[in-house]
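[1] fold the following, please.
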Amino acid sequence: MNRTTALPLLLVLAVACQKPGQTLEPPAGFQAAAVSPNAVKLDWQAVQGAKGYVLERKTGAAAYAEVAQPADTTYTDGGLQPSTAYAYRLKATNGAASSAWVEASAKTADPVPAGGYKVELVKDVKAGTIWSLNFGPDGRLYFTDRDQSSVKLFALELASGSVTAYASSAAVRDEGEGGVMGLELDPNFAANKKVYVCYSYWKNGDSSKEENARNRLSSFVISGSGLTGEVKLLDDMLGWWNHNGCRVLLSPGKKHLFVSMGDAAAAPSNVPGEPGNDAKAQSKKLLAGKIFRINLDGSIPTDNPYYNDPDVSGAVKAMWSIGHRNPQGLAFDPATGKLWSTEHGPDVKDELNLIKPGYNYGWPECKGEDPCDRPDRQPYQPATKAYYADRTVAISDMTFYNADAFPAWKGSLFFVTLKTGRMYRLELSGEAVAKEELIIGKLSDSSGPYGRLRDVTVGPDGFIYFSTDDSKIYRVVPDGR
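    From the prediction side, this is the model:
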């Protein structure tokens with residue numbers, strides 16, 4: 001049985017004024033990064049000239065007492081009581097001088113309830129990176145394998161464990177993070193067998209130059225053992241060996257497709273006068289660093305926020321929001337109908353974002369929860385929550401839970417991470433995160449027990465299915481079932 005780990009509901013940060021004669025700056029970014037019932041993990045940014053730090057803790061009205069003198073910029077305080085509020089303070093020191101104290105507070109998680117859950121291996125398909133999971137109306141689990149040389153779709157029969165492959169003739173640019181990525185099933189899939197696939201390719205088939213890297217969204221029809229009748233819906237999206245996106249999601253009304261596309265990292269612009277590199281996310285002429293909205297036939301809804309913008313033409317009218325880094329997660333909250341996204345890379349402050357039409361999410365100059373006063377980034381929407389100021393955990397896909405196998409989790413948002421191999425459960429309150437729990441992985445480990453977690457979805461049985469980069473599919477089920 002896995003043990004849940006909850007993150008703090010509230011972090012309160014306060015920095016005292018530096019006293020005259022002190023030569024060290026106080027540690028910035030001091031926070032409780034995560035908690036469990038019996039531990040708090042703290043981290044902060046390094047202070048120039050410091051040889052170490054002094055960490056103190058207290059509860060209630062008690063006086064502060066020293067906990068440790070860590071030399072690094074992270075410390076896990078263990079042996080704590082569940083459901084207890086703790087206050088911490090930290091200062092930098094070099095033996096001759098000390099900085100001012102900085103403070104943070106957090107509450108340990110509630111005790112793990114009896115029962116709980118466990119993780120089961122569903123299938124090792126012995127292929128590559130299982131990028132997208134989608135249950136069909138026939139009960140089969142459809143998925144994509146990124147590491148294919150042509151567009152292929154796979155279907156797993158849960159009862160027998162058999163896997164059926166459906167292949168097309170569409171060539172794939174299977175390099176780095178590119179390949180066969182996002183998958184969505186048509187609302188009338190039971191009758192028409194239509195699927196939507198986002199994949200990477202070489203423009204004009206020319207792989208001699210990296211600037212020919214592209215991504216596209218196409219529809220296909222399952223026919224016999226093949227994928228036929230490709231229709232290119234959103235094409236010529238800039239690609240690179242990394243930051244290609246590309247998640248595909250039906251709208252709640254089943255009339256539109258939302259498509260996330262990364263900034264294509266170091267890729268140059270394919271439009272004269274427009275910027276290259278990560279600045280492409282801000283260009284209104286480039287299909288990179290955006291979330292798009294199109295009709296199911298590939299046409300662009302006339303009520304899209306940039307449709308009537310005089311600076312926007314052609315396929316770029318499909319833009320729904322701009323200024324994104326590498327958004328690999330999309331999910332609609334069934335309770336509110338609001339669209340949420342996760343994005344990550346390249347270095348710090350992975351984001352959970354509430355997506356609003358016509359808003360700018362700031363990348364590359366503005367990131368995380370920080371305000372952005374640049375006139376050219378308005379209207380700006382900061383992240384609902386940013387994860388870690390000193391690294392990326394590479395948040396991947398997400399899903400909302402609205403089933404019955406775990407009644408206490410109804411309405412929760414789940415997301416998975418690549419670099420740390422974790423699964424998180426979030427409870428939202430309006431546009432804020434009210435509670436977080438770590439479902440898979442440990443705060444003390446740099447990688448989880450199942451490797452890199454790529455996608456997560458809820459099955460018709462109410463279990464939570466997730467995929468890995470080493471070709472495995474698992475599910476979270478009630479313990480003792």
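[2] tell me the domain ranges of the chain?
    Domains of the chain are assigned by automatic domain parsing as 5-107, 117-478.
[3] make CSV out of those and add mean pLDDT and mean neighbour count.
    Heads up, the C-betas are built off the backbone N, CA and C, glycines and all. Shown next, in CSV, are the domains of the chain (pLDDT from 0 to 100; neighbours: other C-beta atoms under 10 Å):
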stretch, mean pLDDT, mean neighbour count
domain 5-107, 83, 16
domain 117-478, 95, 19
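[4] chain neighbours aside, what residue packs nearest to residue 170?
    residue 151 (4.2 Å; C-beta to C-beta, 6 or more residues apart in numbering).
[5] list the contacts for the one you found?
    167, 168, 170, 172, 180, 197, 199, 218, 220, 227, 230 (C-beta atoms under 8 Å, 6 or more residues apart in numbering).
[6] phi, psi for the residue nearest to residue 211 when sequence neighbours are not counted please.
    The shortest distance from residue 211 to any residue other than its chain neighbours is 5.3 Å, reached at residue 268 (C-beta to C-beta, 6+ apart). The phi/psi pair for residue 268 (degrees, to the nearest 10) reads phi -80, psi 160.
[7] also residue 192?
    Dihedral angles for residue 192 - degrees, to the nearest 10 - are phi -100, psi -10.
[8] which residues touch it?
    When contacts are taken as C-beta under 8 Å, 6+ apart, residue 192 is in contact with 186, 221.
[9] and if you look at residue 145?
    125, 127, 128, 129, 130, 131, 152, 154, 179, 180, 471.
[10] quick check, nearest of the contacts of residue 151 to residue 283?
    residue 199 (23.0 Å; C-beta to C-beta).
[11] OK, contacts around the closest one?
    151, 170, 172, 179, 180, 181, 215, 216, 218.
[12] now the third one: how far from residue 221?
    So the one you mean is residue 172. 18 Å (C-beta to C-beta, to the nearest Å).
[13] and what of the second one?
    Taken as C-beta to C-beta, the spacing of residue 170 relative to residue 221 amounts to 13 Å.
[14] got a list of what the residue lying closest to residue 419 once chain neighbours are set aside touches?
    Leaving out its chain neighbours, the residue that sits closest to residue 419 by C-beta to C-beta, 6+ apart is residue 394, at 4.3 Å. When contacts are counted by C-beta under 8 Å, 6+ apart, residue 394 touches 344, 345, 350, 417, 418, 419, 420, 452.
[15] against residue 48, how distant is residue 394?
    Taken as C-beta to C-beta, the span from residue 394 to residue 48 is 28 Å.
[16] residue contacts, the residue nearest to residue 211?
    So residue 268 contacts 211, 276, 277 (C-beta under 8 Å, 6+ apart).
[17] now swap in residue 43 and tell me
    29, 30, 31, 33, 73, 74, 75, 388, 389, 390.
[18] circling back to that earlier point, can you tell me which of the contacts of residue 394 is closest to residue 289?
    residue 345 (11.6 Å).
[19] please name the nearest non-neighbouring residue to that closest one.
    residue 326 (4.5 Å).
[20] convert the helix or strand that contains the residue nearest to residue 170 to CSV, retaining C-alpha atoms only.
    If you go by DSSP states H and E, residue 151 is part of strand 150-156. Output in CSV follows, covering the C-alpha atoms of strand 150-156 (Å, rounded to 0.1, in the frame of the first residue of the first chain):
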residue,chain,number,x,y,z
SER,A,150,5.2,6.1,-38.8
VAL,A,151,1.9,7.1,-37.1
LYS,A,152,0.6,4.1,-35.2
LEU,A,153,-2.2,3.6,-32.8
PHE,A,154,-2.4,0.7,-30.3
ALA,A,155,-5.4,-0.7,-28.4
LEU,A,156,-5.1,-2.8,-25.2
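[21] sounds good, over and out.
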